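>>> Generate a structure from the sequence data that follows.
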Amino acid sequence: MHHLHALIRGVVLPEFRVIYVPVPKAACTTLLWLIADAAGLDSQRFAKSPAPEVAPALTVHDLNLWPKSHRMRDRGEGWLREASNDPEWLLFSVVRDPLPRVWSAWQSKLLLREPTFIWRFGEADWFPRVPFSAQGVVEDFRRFVRTLTRGEPLFEGHWHPQNELLQPSVFNYAHIGRVEALPDTIALLTERGLPCADSMARPGRENRAPLSFHPSVIDGDLSARISEFYAVDCETFGYAGSGDEQGATWADFSDWMDRTEAAIPALRDIVQRNVRVGQLSGTLQGRPDWVVHWPKVESRRSASTLRESK
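The predicted structure is shown next:
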């Protein structure tokens, strides 16, 4: 059933015979803008989106604003199967090391409280607290990983295994690139005739998480559990499952904790802005049940932490 992701979220460039299936948190915002630019769809078109996106760059994900001719959902599974086996078409996607990907997804969607994710998951006992310390951030992420890996019904594309989203055994991808080697994918699209250089040079076309990944945010038994959860991704796409695919030299974890501690005030500011976007969206769409109140969001915090910075 997960092959529906390709049918629902895929975008098509008929003039270039290119099909892109986005994988959430795998450079998909950047690549969607690249496809939109090649299709002649400018930012003003997406600025009209009523979706509760928290940054202009994210409005490109509103497929309701893409022409029907450029949406996979208006073509159907039979067409995609046929196109994927046609050598004149390029069906491609890009994946990411599973551990940095799930960290980025949890951080940007849950910790920083994007409105849609508050509405969907905000009452869950694993939903993270508003960030108040580096230790609290790590504890809440580990609680999420425990919930995810024990089989709780948390289906959501941002942390779902990429193999199940793409279904490469069902569709014949000409190219599945990696975030860690994104220039290779850009070079392929450039050869195809897409104006990649111009698109990539435009600012504000990515969705970066403010906190970098460190392998030590997953420790002990969690490391084995998360590796097992994403084992098929690692086998299919050639990842080691350690989060160490970028050849990075990891700083001491205590240094990472210090940097995260210093970032807490900025994270809290982002949370407040995101909650406000949710309030406005709920009000404008006439959905009072969507109007998220800051005191409610803070309810998981202790009274002493609530008094912080007052």
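
>>> going forward, measure contacts and count neighbours with C-alpha atoms only.
Will do.

>>> show me where the stretch 1-150 of the chain has strands.
For the stretch 1-150 of the chain, strands defined by DSSP state E, counting those that start in this stretch occupy the ranges 11-13, 18-20, 90-95.

>>> again with the stretch 151-300 of the chain
According to DSSP E, counting those that start in this stretch, the strands that the stretch 151-300 of the chain contains are 175-178.

>>> For it, give me the ranges with low pLDDT.
By pLDDT under 70, the low-scoring segments of the stretch 151-300 of the chain are 153, 242-250, 290-300.

>>> will you turn the strands of the stretch 1-150 of the chain into TSV that also has distance to Asn64 and mean neighbour count?
Formatted as TSV, these follow (distance: least, Cα to Cα, whole Å; neighbours: other Cα atoms under 10 Å):
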stretch	distance to Asn64	mean neighbour count
strand 11-13	12	24
strand 18-20	16	23
strand 90-95	21	24
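
>>> could I get those strands as JSON lines with mean pLDDT?
Listed next are the strands of the stretch 1-150 of the chain as JSON lines, based on pLDDT from 0 to 100:
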{"stretch": "strand 11-13", "mean pLDDT": "98"}
{"stretch": "strand 18-20", "mean pLDDT": "98"}
{"stretch": "strand 90-95", "mean pLDDT": "98"}
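
>>> would you list the ones you listed in CSV and tack on distance to Leu80?
Shown next, in CSV, are the strands of the stretch 1-150 of the chain (distance: least, Cα to Cα, whole Å):
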stretch, distance to Leu80
strand 11-13, 10
strand 18-20, 9
strand 90-95, 9
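
>>> so which of those strands comes closest to Asp198?
Counting by Cα to Cα, Asp198 lies closest to strand 11-13 out of these; the figure is 17.2 Å.

>>> Need the residues that contact the closest one.
With contacts defined as Cα atoms under 8 Å, 6 or more residues apart in numbering, strand 11-13 is touched by 18-21, 35, 38-39, 69-72.

>>> Just the buried ones out of the residues you listed, please.
Buried by 16 or more other Cα atoms under 10 Å: 18-21, 35, 38-39, 70-72, out of these.
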